[in-house]
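> Sequence first, predicted model second:
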Amino acid sequence: MHPLGRRPGAAVKLEAVASDDPRDVLRALRHAVLGAGPAVALGGDGLPDEVPVGTGVVITTSGSTGVPKSVALGRNALIASAFATSARIGEGAWLLAVPATYVAGAQVLVRALVNGREPAILAGPFRPEPFAAAALGMASHENGERIPTYTSLVPAQLHRLLDASESDSEVRRALRSFERILIGGQSLPVSLRERAAAVGARIVRTYGSTETSGGCVYDGVPLDGVTLSIVDGEVRISGPTLADGYLGEPGRTAEVFPVDASGTRWYRTGDGGELADGVLRITGRLDNVIVSGGVNVSLDRVEAAVRGIPGLESAVVIPADDPRWGQGSIVVAAAPGLDERETLQRVRAEVAAAIGPVARPARVVLVDGLPLLASGKPDRAALRQRFGSAKN
């Protein structure tokens, strides 16, 4: 049997991209998505030489929790996601500014390929000045009309660009040049969204994961063909953008991608959420909850409250053992210029007002910089290991 339960014989070669160079990934994706293959492996070791026919990309990521997974994405799912994005925000030219080996970066390249345009590529460590130069260098026209430009960023990158834009007019101009800037990977603080709007950046908040071929809900509204459901408080997603499953893990695939009585296949996100008038609001990870003094506390809600405080927009809240309450939380933030004691007082007051006294963090740790994954997300596993509880 093949990793996803397909019969032997219906297989295509799986070849790993030997480097992290986005241009190598682009070449491989061109054959995998628009051509006859082989399928592309981005990350991961010990993967099979063959995967079921129709597989376009296998993306292996540990995410922020440190648990590795190899997600098999079909060519049709990737293309469906790219077309649905174009239908929602328009067609044009794309700038790659996130790692190509993660789903957000791979989808930027797929969108460019499907639109028949070569993407602009920002290589090397992310910095505002090269980003601005690449963005402003994309200006082109077709039949006398300007071609719209698009890019995808994580909140930490947007934060750096907005900080730089305060003194660099080219960065400001670059932010305004895009028809839309997709922001995903983690929640976007309201203060950051307001700063982006103030400089004229047109932001679209995206929600999704590798298992959904990247973002499939834009500003709370699912893309065409995507259906949302809330089951026991958990967000579930169905539609043509779903992954085939986890390579070599049929049990995990069946658990995370259940099929209901009507034959509809769903993806269990593990996120809590609410639907109101067709608009999705994420309330936090269902498994990111501590029990403090017998009361359940969502650390995602605590983190959202903390990130609303100026200077703490990128703060991370992690669980920690507490000798009195059993469990508590610690705020880790890249804000070395602030005073820890004063910041703790502000944090505790804000969290108490937003959630309740039981949710107040016990400590604030200010560092020069947060450890990041290659995707640009905070490395929560590393932060828990260093400052908090390795469990939970």
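On my side now, so go ahead.
> switch to C-alpha atoms for all contacts and neighbour counts from now on
Noted.
> Strands of the stretch 101-250 of the chain, start to end?
120-121, 141-142, 145-146, 149-153, 180-183, 203-209, 214-218, 221-222, 227-231, 234-238, 245-246 (DSSP state E, counting those that start in this stretch).
> how distant is the fourth one from the center of its chain?
What that stands for is strand 149-153. Remark: strand 149-153 is offset 14 Å from the chain centroid, using C-alpha atoms, centre = their mean, to the nearest Å.
> where along the stretch 1-150 of the chain do the helices fall?
22-29, 75-89, 103-114, 128-136 (DSSP state H, counting those that start in this stretch).
> Could you do the stretch 151-300 of the chain as well?
Going by DSSP H, counting those that start in this stretch, the stretch 151-300 of the chain shows helices at 155-165, 169-177, 190-198, 250-256, 299-307.
> Check those helices for me and report the most buried one.
Of all these, helix 299-307 has the most neighbours on average by mean count of other C-alpha atoms under 10 Å, namely a mean of 24.
> which strands and helices sit next to it?
When contacts are defined as 3 or more C-alpha pairs under 8 Å, 6 or more residues apart in numbering; DSSP states H and E, helix 299-307 packs onto strand 279-285, strand 316-322, helix 340-354.
> now whichever strand or helix holds G328: mean pLDDT?
Using DSSP states H and E, G328 maps to strand 326-333. Strand 326-333 carries an average pLDDT of 91.
> what lines up beside it in the sheet?
Sheet pairing here is set by DSSP bridges, and for strand 326-333 it gives strand 316-322 (antiparallel), strand 363-366 (parallel).
> now that strand and helix 299-307, what's the angle there?
Computed by axes from the mean of the first three to the mean of the last three C-alpha atoms, to 10 degrees, the angle separating strand 326-333 from helix 299-307 equals 40 degrees.
> Please report phi then psi for the residue nearest to W325 when sequence neighbours are not counted.
Excluding the flanking residues, the one nearest W325 by C-alpha to C-alpha, 6 or more residues apart in numbering is G293, at 4.5 Å. Per-residue torsions, G293: phi 60, psi 30 (degrees, to the nearest 10).
> right, and G293 touches D322 too?
No. Using C-alpha atoms under 8 Å, G293 is not in contact with D322, being 9.6 Å away.
> What are the phi and psi values at the closest residue to A87 other than its chain neighbours?
Among residues not flanking A87 along the chain, D224 sits closest, at 7.9 Å (C-alpha to C-alpha, 6+ apart). Per-residue torsions, D224: phi -60, psi 130 (degrees, to the nearest 10).
> Could you report the distance from the nearest residue to L280 once chain neighbours are set aside to E274?
Spatial nearest neighbour of L280, excluding adjacent residues (C-alpha to C-alpha, 6+ apart): G220 at 4.5 Å. Distance, G220 to E274, by C-alpha to C-alpha, to the nearest Å: 10 Å.
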